[in-house]
Each structure stands twice: as C-alpha cells, then as structure tokens.
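K.L.:
Kindly return the folded structure for what I paste below:
(chains A and B)
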Protein chains: 2
Amino acid sequence: MTQMDAALRGEVTEEMAAVAADEGMAPGSLRRLIASGRAVIPANVHHDGLRPVGIGEGLRTKINSNIGTSVYDTDMGKELEKLRLSRKLGADALMDLSTAGDLGAIRARLLGEWDLAFGTVPIYQAMAEAGDIADVTAERMLRAIEDHARDGVDFVTVHSGVTLDAIPLVRKRILGAVSRGGAFLLSWMMAHGEQNPLNAEFDAILEMAREHDVTLSLGDGLRPGGIPDNTDEAQLHELRVLGGLTRRARAAGVQVIIEGPGHIPLHRVVENVRLEKEACDGAPFYVLGPLVTDIAMGHDHITAAIGAAVAGAAGADFLCYVTPAEHLRLPEPEDVAEGVIALKIAAHAADIAKGVPGAYERDLAMTKARRDLDWEAQMALALDPDKARRYREESHIKTEECTMCGPYCAIKMFRGGC
Amino acid sequence: MTQMDAALRGEVTEEMAAVAADEGMAPGSLRRLIASGRAVIPANVHHDGLRPVGIGEGLRTKINSNIGTSVYDTDMGKELEKLRLSRKLGADALMDLSTAGDLGAIRARLLGEWDLAFGTVPIYQAMAEAGDIADVTAERMLRAIEDHARDGVDFVTVHSGVTLDAIPLVRKRILGAVSRGGAFLLSWMMAHGEQNPLNAEFDAILEMAREHDVTLSLGDGLRPGGIPDNTDEAQLHELRVLGGLTRRARAAGVQVIIEGPGHIPLHRVVENVRLEKEACDGAPFYVLGPLVTDIAMGHDHITAAIGAAVAGAAGADFLCYVTPAEHLRLPEPEDVAEGVIALKIAAHAADIAKGVPGAYERDLAMTKARRDLDWEAQMALALDPDKARRYREESHIKTEECTMCGPYCAIKMFRGGC
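P.N.:
Numbering: from 1, shown residues only, chains lettered A, B, ... in the order given. This is a model prediction of the structure:
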C-alpha cells in the first residue's frame, strides 16, 4: 500500500504523522493533501532509516542537491563530502546523478549515508552501462527503474513526457534539448523510429512505482535551455503530456511530482507555476532554477535563487539547486555548499511570502537579536552560522557592534538617543 | 542651468545626448523624461571627465557600489582596489561612504579615479569631524553638503525625510532605525528638541544643489531594518514627506532620486515600488536591496539580488549593492566583487523583464553561443568572464563540451540525433 493509497483510505501513516509534526500541520490536513496528490511523501518502503520529507501545498518549500560521479571524477570521498555539506546546510533531498564507476555500489553507499528523501535518474544508469547509447534497449531502461526502486530510492526522474510528436517542436528551437535524459530520448526515438519507452510503457513503470512506493518525478526533458526558448510550444506540449500521466499515476495510487524549467525570464516565472498547477491538477512542482538570465556563468546559483524565490512564492514546492559551476564544470564540494545556501535563501524567502508557519517567526527572532546586538542568538538563527562567525572573527575587532558602521552604529545611536 | 532646467527649456545637453546614445534612446525622449523628473542624469558641473549615466524610467537598471574608509581600516590601496573591481565588473555608480582619515583628500582621490556617477553622504563627514556627534551643528551639516557639491560629487544622500513627528512611529518598531544618517538625525532631534536641519533648511540645500547641479538622493533614514518592520507607519510617513520634497526640488529645477528599503518580504516588494512611484510622482527609485529575509548573514548579496531583481522588474531604477559582509564586517575587495556581480545579475534579469532594449538580445546571443559550444563567444557575453574562464580551466579537461555532463552532453546528443 502506498502513502497515497493509505491517505485515500483515511489512514494517517507513520510517515504522514512525522511530516505533519515537522511542519506543524494537523495530520488530517496533511492526509487530505496526500490523498489529493497536492502533496507527496517520497518514502520507498526499502529506504531504511528514512526521515520522511513532505513536498507540496502548504508545506515548507524544500530544496534538492544534486551530486554524483562522472568519468572525469569518480572520487567517492568527494561525493561523500558533497553529501555531508548538503545535509549540514539544510538540503531536504539529494539526487545521485552518478554516471561512472560501480553505479549500484555508489547508490547503496550514498543511500546508506543520507536519511532524507533520495532521488535518482535511472536512465543515466541505462545510458552509462550501454557501450553505445544508441544500443540502450527499452527493456534496459525499465530494468534500471526497477533496480533503483528495489534499492530504496524514494523518487526517480522518468522523462515520460518526451514523445515522438514533440520532435518537430524541439527542432524549431534555438537550443534544442538541454536535459540529458530528454536529449537522449529524442535521439533514441529518431534512431529507432519508435515512441519513447518511458511513455509507451508507463503502465509498467506505474506498477514498479506502486510496488515499492516510489514517487515519480516526471522529468522535463524538453525544458528550455535559454531565455529565448522559454515557455515555447515544445515545453508546453510536454507539460500537457505530463498532466495526462499525472492523472494515470494518481488513478494507480502512485505519487507524482512535476519537474519544471529551466531558463525562464523573471516576468514569466509566476505564469509557469500557474501553468503547471493547472495542467497537472495541483501536483507538486519541482523547479530547476529557474534561471532568469543566461549570461551569469560562474554565478548561476544566484540566477537560480532569484527565479526559485519567485517561483516558490507563487506556489512551486521543491527547488533544485544550481551551483556556481553550472554550464562550466562538475561542481566541487564548495560549489555544492554555495548552491545549497543560495536555494535555502530562496526557499525561506518564498516561505515568508507564502505565509508558511514558522518562517516569519525566524526573521522576527533575528530582528530582535539584532536590536539586542546579541551575536550568539544571531548566529543560532543564521542559515550559515559558520560563514557568519568567520566573517565576524576576520574583522579582528572585539566590539559589541559590527565593523560595518563601527562607531556610527545606527542601532547604538538609536538606542542611546531615542 | 541644471540638466532639468535645460530639459524643461527643450534643450538636449551634451550629457543627455551621451546617455541617449548609450541607451539606444531618442534624445528627445530622454529629454522629456528628464524634464518630468522620471529620469535623472547626476552630473555635477565640477566632475571633470564624467561619462554621464542616466537613471530612471525606460533606461537600463543601474547599480551602485559603496566603498569607503572606517576607523577600522583606512588603507586607501584597498579602497582603490574596490573602486577598480566595481568598475571592471560593471557598477554604474560609486558612493564614497568614508568616515575616517582626511575625508576631503579621500573623496578627491576617488573622484579622480571614477569616471561614472559619484555619490556621497555628506552628513557622515559632519559626524566624523565632530568630537561628539551630539555637537554636530545644523550649519556643519549644510556646510558638508556644500563642500561635496563644490568638489564635484554628482549625487548626495540627504536624509531630509526624517522628521520630529516620526519619532513616536519609530519607537513602535522592533528595530528602530538602521540607517546611520537616520539614527543620527533622530537622536540629534531628541537631544536638541528641534526639527532635522536637513528638512528645516531644505531650501538652502536646493540652492546648493541647483548651483552645482547636484542630484539629491532623498535618503530613507527610516527604512526598516528587519522583515517585521517592513512597510510600516514610520517608513510610509517618511515616503510621504519625501514626496513633498520631490515636488519642491522639481519646482527648483533640482534632480531627485528616492532611496528605498531595506528589508522587505518578497510578496511586498512590488507594492513598495508602486508606493514610491505614486508618492513621488514617478521619481527614480533607488533601492537598498531589498533584502527578502533577515537570516542569511554572510550571503546577503544573494538575499539582496532576489529583492532587487523583483523590484527592478516592477520599476525600480537604481539598485544599491549589498555584499556578503553586510551585517558582519566592513567589506573586503572580494566582498565588493561578489556584491557587484550579484546586483548586475538582478539588474539584467529586471531589464529582460522590463523589455529594456538590448537586454534580451544578449541572452539570445548567449543561447546561440551555447548551441554552437562556442566558448570564446560565451566568455565574451558573460557578466564575469574571468570566473567563468577559471572554472572551465580548473576542470583540466580539454573537451568541446563542459564536464558538467561530459560524454552525455545534451547539446551534442541532440545535435547528433536530431
């Protein structure tokens, strides 16, 4: 029985009770959200030691950190350091995007170390294990999903919305496809002249998801890769297909989240959130950024934080981080840390805007701590107390106020004069 | 004759012609904006070698970098390095906020090195030169403004909106006043039992501004210092006072910009821009952030970039940068660089959203360069090519694609398959 099945039967599972307590929400309210598909709890029955995380309407905005090996770097110590930093700085979910090394062993190792929601993109394994990616079979793609489901992965990306009829739409674009899974499936369909197996065999995928209670993260294989391609026909076509798949998944008692763009200009971010909520009957929206400009290579964690904050405030539920390394190189651990913090800021800013309980209260406490020049309280409330402490210590001056205003501290002048 | 006088007489000055060319706008259209006060060109008649910058409606969103000495650090080499980085990374304006050392000599040195719009807060000099800040006289405050005007400063912050009747409103707040000028003037008024001289003597200030064509940046001495104090009575009271002063300045042919918050939650940023445009008859809005949460010490350049992008898209014209050092210590040169880049991203994202000519086109060119895997073109279009180049080089792999996706490069798969 999946979380959704239980919710539909009126049962509050252990996971729902834990998430409700964590969110300060009545368990019955959360159960109704899970039953309706407007919130999900990715909780694979095989994921031992999972601390369940809820994603969706009325809940805190969550963030995801991506890590994983590549042929250019299979240093597992580095990936574990990225995992550790992601956990410490507040990521709610981790995706293992490894494409080199013993992928099953890597996955098992990371799953063993990560106690929150854990996701993967099984098709990467199918691609990595084929000698030539043209040789990947439909059967191999499905088997990868099943392997990950059996291993305890809580949510898997399946690019089931990439279909044959989208090919002419993608060809109209400037930048085609920038999703690895999307580009692979497009070229696979062209080479084989057949429908995308992740779409054609969606019922088989639902069966596997149902058996292990894996949440399907319906991938946006056709997300725009640049501002000029935003919200175009190809993107909207895929979104409509994902809406249909969402309804099939719900009918099967399978939880679903929807992946979204990508590169979207600031004035169209809200519209993109509304389009998703409408097309997919309020399913949780998992945005990749969105990046609000294309010209900030080396600083795209900031570009993403801008788009993600606005998307989150408009109703996006789950924010995938972007690191300063995006578009340039594999992220190093310090890039991961920058990406997590930038998206935590976006998520918290969105939560204040959405009125999520507890969000404003933390800023209220910080404002009081600032008024009192109470540095220990400020550090305890900060998203990144280590950096804050280091900055204060590096000023090498032991004053009650900070060195920013020094003897002209506005807080002290106001306190003294008024 | 000020820029505004000339515009009202139908004359296109050399400065208007230069700004119009830079913005790709018809000189006549810019002249009309200057005449109406909806755009300004801060251009002190004594600023030799100035490359004039326009700020306001229909123009590119501009950003400001703050630098300056303090009793904790009077190293002029460091300030010049901050100036150099600000110029290189694209700041449109520089404010010298120095409070220690020979302030006149520092200002002259920085003005000699900076060819764009240059601003100061003269009251800091009045405060710094008094033995005790309670001893600062009204005459000394006005003399500081005159000194700066004679020295060639293009725009000066005057906290003329902080008035006696605001004191009970500020006392209701959690965090009182966090503007140095605002807190000083509040405590000065309490100590002397008199109106703020920058308000009482506003006509004298207008006369000085007119003589040297100094643009007045009407300071927000009562800006909120935390999310809980946002858009409160004290802030709105000051904004109304600034609206009245704006009308007096325009009647005197003096250009005005309005400084704005501060700490504002994401869902109230647009409202704050509209309130300013309405209260101040469309005067250019110069926002300090706004910071959309209080808990991100050490990363507040990101918090500010989120608020500034949204404010800019809604019509804010001039964005003051915030560095990672905000709330913690004086910014070091590397903090200045981070702050400038973060706000450049915000300004550009806003310009795409507002439809400023040339903004979208740069992203279009970047998207085409990405499609072609043309790294030299990408670097030429990037906001920070040095960091982008360093990241690419640090991956130590000489491939056409980047190491992010490596052998699974979506762009190459798409190109090969479709």
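
K.L.:
can we go C-alpha only for contacts and neighbour counts from here?
P.N.:
Will do.

K.L.:
Check the spacing between residue A:380 and chain B real quick.
P.N.:
10 Å (CA to the nearest CA, to the nearest Å).

K.L.:
Show me what secondary structure element comes after the one helix or strand that residue maps to.
P.N.:
Secondary structure from DSSP states H and E places residue A:380 in helix A:375-381. Of the helices and strands lying after helix A:375-381 in sequence (DSSP H and E), the nearest is helix A:385-394.

K.L.:
Give me the residues contacting that next one.
P.N.:
Helix A:385-394 has contacts (CA atoms under 8 Å, 6 or more residues apart in numbering or on different chains) with A:379, A:382, A:402, B:297-298, B:325, B:328-329.

K.L.:
Skipping adjacent residues, who's closest to the residue of the stretch 151-300 of chain A found nearest chain B in space?
P.N.:
At 4.1 Å from chain B, residue A:187 is the closest residue in the stretch 151-300 of chain A, using CA to the nearest CA. Of all residues not flanking residue A:187 in the chain, residue B:417 sits nearest, at 4.1 Å (CA to CA, 6 or more residues apart in numbering or on different chains).

K.L.:
I figured that neighbour hits residue A:192, correct?
P.N.:
No. Contact criterion CA atoms under 8 Å: residue B:417 and residue A:192 do not qualify, at 10.6 Å.

K.L.:
neighbour count winner among the two?
P.N.:
residue B:417 (17 against 11; other CA atoms under 10 Å in any protein chain shown).

K.L.:
separation between the more buried one and residue A:197?
P.N.:
According to CA to CA, to the nearest Å, residue B:417 and residue A:197 sit 17 Å apart.

K.L.:
chain center to the helix or strand of chain A with the lowest mean pLDDT: distance?
P.N.:
For chain A, using mean pLDDT, DSSP states H and E, the weakest element among its helices and strands is helix A:410-417, scoring a mean of 86. Computed by CA atoms, centre = their mean, to the nearest Å, the chain-centroid distance of helix A:410-417 equals 43 Å.

K.L.:
The closest residue to residue A:323 other than its chain neighbours: what's it in contact with?
P.N.:
Leaving aside its chain neighbours, residue A:323 sits nearest to residue A:339 (4.3 Å; criterion: CA to CA, 6+ apart). Shown here is residue A:339, whose contacts under the criterion CA under 8 Å, 6+ apart are A:65, A:301, A:321-324.

K.L.:
Redo these as JSON lines? Include distance to residue A:205 and pLDDT.
P.N.:
Formatted as JSON lines, the entries for those read as follows, by distance: CA to CA, whole Å; pLDDT from 0 to 100:
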{"residue": "A:65", "distance to residue A:205": "25", "pLDDT": "98"}
{"residue": "A:301", "distance to residue A:205": "33", "pLDDT": "98"}
{"residue": "A:321", "distance to residue A:205": "27", "pLDDT": "98"}
{"residue": "A:322", "distance to residue A:205": "28", "pLDDT": "98"}
{"residue": "A:323", "distance to residue A:205": "31", "pLDDT": "98"}
{"residue": "A:324", "distance to residue A:205": "35", "pLDDT": "98"}
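
K.L.:
top of the residues you listed by neighbour count?
P.N.:
When neighbours are counted as other CA under 10 Å, the busiest of the contacts of residue A:339 turns out to be residue A:323, with 32 neighbours.

K.L.:
just checking, what's the longest helix in chain A?
P.N.:
helix A:333-354 (DSSP state H).
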